[in-house]
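**Q** Task: produce atomic coordinates for the following.
(chains A and B)
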Amino acid sequence: GAGVSQSPRYKVAKRGQDVALRCDPISGHVSLFWYQQALGQGPEFLTYFQNEAQLDKSGLPSDRFFAERPEGSVSTLKIQRTQQEDSAVYLCASSQTPVQETQYFGPGTRLLVL
Amino acid sequence: AQSVAQPEDQVNVAEGNPLTVKCTYSVSGNPYLFWYVQYPNRGLQFLLKYITGDNLVKGSYGFEAEFNKSQTSFHLKKPSALVSDSALYFCAVRAGGSYIPTFGRGTSLIVHP
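**A** Next comes the predicted model:
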């Protein structure tokens, strides 16, 4: 079946521009995670949804970052007034249930802020 | 707090030889441990996990990992490396009561023909 998809795959933004990154999880998956992966680093947690509820947003680095999942399926990560330090790969992952241990990752969106 | 250490940035091994990629962790309570592999321009792919039970866990593509509670380690192993195993490998841990994993920095595995 279809895996997790993300769009766009690549995004170049000018500093100060707003961007929106989309994640389509595996159909029926309850849990959805966003991670930020800087060059040469492992993924770092940003936020977690269970259905449409955002249960944890402790990893969001600033109030410029906002995520939503209004219908409990597709999720959007929005970054306002992008800064150069926001340049990274943004990964989305989903899992079937809240307690299921295995997360399935999308290919990521590579964001470059100039 | 939970943390993961992957002490080697890079591991080099000849094709056909055994490989080990090291991981140690720190977590409160019982650990849930994972290995993922990442190929260039791809997302992370799940390899294997330890939740409970047998300390030796077998996963995809012939990989296995051994959970060692006393040494707080979860090293990834394969008896005979393939060139196609060359990729970036990530170890991750989460506490049993948490949904959020912590990933290591990754180890680049290079298998030489």
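
**Q** Please make it C-alpha for all contacts and neighbour counts, starting now.
**A** Will do.

**Q** The chain: strands as residue ranges?
**A** Using chain A here. In chain A, the strands defined using DSSP state E lie at A:5-7, A:10-13, A:19-24, A:31-37, A:44-50, A:53-56, A:65-68, A:75-79, A:88-95, A:104-105, A:109-113.

**Q** The chain in question should be chain B.
**A** B:3-5, B:10-14, B:19-21, B:24-26, B:31-38, B:44-50, B:56-58, B:64-68, B:73-78, B:87-95, B:102-103, B:107-112.

**Q** And those strands: which comes nearest A:Gln17?
**A** A:Gln17 lies closest to strand B:44-50 among these, at 28.4 Å (CA to CA).

**Q** any idea how far chain B is from A:Arg81?
**A** Shown here: A:Arg81 relative to chain B, a distance of 26 Å by CA to the nearest CA, to the nearest Å.

**Q** what's the pLDDT at the nearest residue to that residue once chain neighbours are set aside?
**A** Setting aside the residues directly before and after it, A:Arg81 is nearest to A:Gly16 in space (CA to CA, 6 or more residues apart in numbering or on different chains), at 3.9 Å. In this model, A:Gly16 is scored at 97, pLDDT.

**Q** give the contact list for A:Gly16.
**A** Contact analysis of A:Gly16 by CA atoms under 8 Å, 6 or more residues apart in numbering or on different chains lists A:80-83.

**Q** Just the buried ones among the residues you listed, please.
**A** A:80, A:82-83 (16 or more other CA atoms under 10 Å in any protein chain shown).

**Q** So which of those sit within helices?
**A** Among those, none falls in helices (DSSP state H).

**Q** Could you give the number of residues near the one residue in chain A that gets nearest to chain B?
**A** Nearest residue of chain A to chain B: A:Pro107, at 3.9 Å (CA to the nearest CA). Applying other CA atoms under 10 Å in any protein chain shown, we find 25 residues neighbouring A:Pro107.

**Q** what about it, distance to A:Ile26?
**A** 13 Å (CA to CA, to the nearest Å).

**Q** Now for these two: what residues contact both?
**A** A:Val4.

**Q** for chain A, what are the low-confidence residue spans?
**A** A:1, A:99-100 (pLDDT under 70).

**Q** wait, what's in contact with B:Ala5?
**A** By CA under 8 Å, 6+ apart, the residues touching B:Ala5 are B:23-25, B:104-105.

**Q** repeat that with 6 Å
**A** B:23-24, B:104 (CA atoms under 6 Å, 6 or more residues apart in numbering or on different chains).
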